[in-house]
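Asks: Structure for the following, please:
(chains A and B, ligands or ions: 1)
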Amino acid sequence: MVLVFVETEGTSLKKASQEALTYGADLASKLNTECSAIAIGSESGLENTGAYGASKLFAVSGAGLNEFTPEGYSEAIHQVASNNNASIVLISASYTGKSIAPKVAVKLSASLTTGVVAMPNTENGFSVRKTCFSNKAFSDVEVTGEKKVISIVPNSYEIKEFDQNAEVVSSDIDVSSFIKSKSVSIDKVQGKIPLTEAELVVSAGRGLKGPENWGMIEELADVLGAATACSKPVSDMDWRPHSEHVGQTGITIKPNLYIAAGISGAIQHLAGVSSSKVICVINTDPEAPFFKAADYGIVGDAFDVIPKLIARAKELKAS
Amino acid sequence: MNILVCLSAVPDTTTKISFVDNDSKFNTAGVQFIINPYDELALTKALELTEANGGEVTIITVGDASVEPVMRKGLAIGAHKAIRVNTEALDGMHVAKCITSAIEGESFDMILTGRESIDYNGGQVAGILSEMLNMGLVNVVTSLTVEGNTITAVRDIDGGRETVSANMPCVISAQKELCEPRIPNMRGIMQARTKPLTVVEYSDSYAETKYTGYELPPAKQGVKLIDAENAGELIDLLRTEKKIL
Ligand SMILES: Cc1cc2nc3c(=O)[nH]c(=O)nc-3n(C[C@H](O)[C@H](O)[C@H](O)COP(=O)(O)OP(=O)(O)OC[C@H]3O[C@@H](n4cnc5c(N)ncnc54)[C@H](O)[C@@H]3O)c2cc1C
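Replies: Sure, this is the predicted structure:
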């Protein structure tokens, strides 16, 4: 069995979890086995797990599972995986997933592969593609363990819908003796698309001269329904929050569209964004290295170009 | 406080990545190795904590003798001593086993690592160590304080931040913003030469994941330039040519 850990947001399955489930369903059918989902604590939004490929949903709750802890969640997944003979556990490489995948792997004595971006090749063993060198390259990894834990990079696998319902298996377990940390408070950025999950991203760099000029970047992001990002110096100078810093030492993203204004395209910046499907670069300097990595380029002043993009996007939206 | 910091040596961030032997090995020719940037933050934070609370910082690296200059830099920044596990690092599980074997019998209040290394980007070692050593884990941490036996950490979560408390001993992985990295000064560099760097052996080279081949991302077809005067056309092209808006 392939077991997929899923998370919900409000009343629906997180997009990254829908991707992981689709990946799990496709992998299960390749291996002639079935795909099940495991959800912890939450109740709403889970009726959709069938639609993304799960034939069974293990809904687990109980003492120690009311809030996220790496210990509690990994123990719950471990128990369900062991009791149901899961050979592969899939976990999205969200921040939550990154905290639990290694622990689940140790508990299950499984091989661990993180940062996976494609379906495994199972013709001759089990080989799977992952990113390495901070998105500057890919590597194929041969995985020999009988049990495997795999974490999948968000936005790597296309979501499919399946015509099926998942059978819900609820269970109550007590993992409180495993818990070693406690949540004190949670501070969620309201109403913003998380950068790692965003399909469209508008980003800007030092070329924007100062934090007061980000209004137009936010406006463009708003009309397009995009998330905002920035280069490292911009977050270092506190023009923008650190959570927007993309690149080799920031967040790596792979949206469908990345628009970069006033960013030179240094190798460390490109490392974090070059997997974007379409890259558009706006820069006054025709020699800016970013143009070499771009699909579309506009040699021009961002202060002049961005308002034009906003205007056209609004026009098309209205029509 | 007794703190262990896991340091890995990684290619300098400006490295142009290429491969040799039929794309089966990373080409290290001419590559400058540095302390993994996140590990550098972990080290600096460890030093801040021991300066405030007393104690020692030990750095540990898995690798052959070629990683020693990078370890000496860690000592120059201020670590008190160093352990090198003399074997090739194979994967996250293997590295964690090397580390637990090397520190057997010692006790640390905290293990600090980077949130991931910028070469293989596994982000595995902190989690594996916490499980193998039965310690608490706070991953991807941007702020860390210690009071008595309790730590309070702020960690990145999807779409925000969470403040977490845990008891020591625990494993913490460092994210940008945790602190400002330190540049070693002359005195540090001089002292580093005589600080203890112990080499230990680990002979088990079992690993269940193996890097078999590498590939660079496909090159872009070439940029299509749009006149700045008609910049709005970009929006139309994204719709019609790329079907993404
Ligand atoms: C260890 C290390 C790690 C790093 N990690 C990262 C990382 O993760 N992410 C990252 O981004 N950087 C990283 N960097 C920094 C990187 O090397 C560059 O310095 C940085 O990306 C440059 O940011 P920028 O493009 O915003 O600024 P600049 O390089 O200053 O470029 C500004 C650009 O704006 C253009 N411009 C100016 N005015 C206008 C205008 N009015 N309209 C349009 N264009 C204009 C200029 O032509 C120029 O190309 C790292 C560096 C090191 C050493």
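
Asks: Would you map the helices across the chain?
Replies: Here I'm looking at chain A. With DSSP state H, the ranges of helices along chain A come out as A:15-30, A:70-83, A:95-108, A:215-224, A:232-236, A:267-273, A:302-318.

Asks: You answered for a different chain; I wanted chain B.
Replies: Along chain B, counting by DSSP H, helices occupy B:37-53, B:68-77, B:92-102, B:125-132, B:186-192, B:233-240.

Asks: Deepest in the core, which of the helices of chain A is it.
Replies: Most buried of the helices of chain A by mean neighbour count (mean count of other C-beta atoms under 10 Å in any protein chain shown) is helix A:95-108; its value is a mean of 26. For glycine as for every other residue, the C-beta is placed from the backbone atoms N, C-alpha and C.

Asks: just checking, what packs against that one?
Replies: Helix A:95-108 sits against helix A:70-83, strand A:88-92, strand A:111-116, strand A:148-152, helix B:92-102, helix B:125-132, strand B:136-147, strand B:150-157, with contacts defined as 3 or more C-beta pairs under 8 Å, 6 or more residues apart in numbering or on different chains; DSSP states H and E.

Asks: Let's see that with 7 Å instead.
Replies: helix A:70-83, strand A:88-92, strand A:111-116, strand A:148-152, helix B:125-132, strand B:136-147 (3 or more C-beta pairs under 7 Å, 6 or more residues apart in numbering or on different chains; DSSP states H and E).

Asks: Can you give the contact residues for that helix?
Replies: For helix A:95-108, the external contacting residues (C-beta atoms under 7 Å, 6 or more residues apart in numbering or on different chains) are A:5, A:7, A:68, A:70, A:73-74, A:77-78, A:81-82, A:89, A:91, A:112, A:114, A:147, A:149, A:151, B:92, B:123-124, B:127-128, B:130-132, B:137, B:139-140, B:156-158.

Asks: Go ahead and build a ChimeraX selection from the buried members of these.
Replies: Listed next is the ChimeraX selection for buried residues among the contacts of helix A:95-108, using 16 or more other C-beta atoms under 10 Å in any protein chain shown:
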select /A:5,7,68,70,73,74,77,78,81,89,91,112,114,147,149,151 /B:92,123,124,127,128,130,131,132,137,139,140,156,157,158
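
Asks: circling back to that earlier point, export the helices of chain A as CSV, with columns for distance to residue A:202 and mean pLDDT.
Replies: Formatted as CSV, the helices of chain A follow (distance: least, C-beta to C-beta, whole Å; pLDDT from 0 to 100):
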stretch, distance to residue A:202, mean pLDDT
helix A:15-30, 19, 96
helix A:70-83, 33, 98
helix A:95-108, 23, 97
helix A:215-224, 4, 97
helix A:232-236, 13, 97
helix A:267-273, 12, 94
helix A:302-318, 9, 96
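
Asks: I'd like to know which of these is closest to residue B:150.
Replies: Closest approach to residue B:150 among the helices of chain A (C-beta to C-beta): helix A:70-83, 16.5 Å.

Asks: Next, the angle from the closest one to strand B:136-147.
Replies: In terms of direction (axes from the mean of the first three to the mean of the last three C-alpha atoms, to 10 degrees), helix A:70-83 departs from strand B:136-147 by 170 degrees.

Asks: thought residue B:210 was touching residue A:143?
Replies: No. Residue B:210 is beyond contact range of residue A:143, at 8.1 Å (criterion: C-beta atoms under 7 Å).
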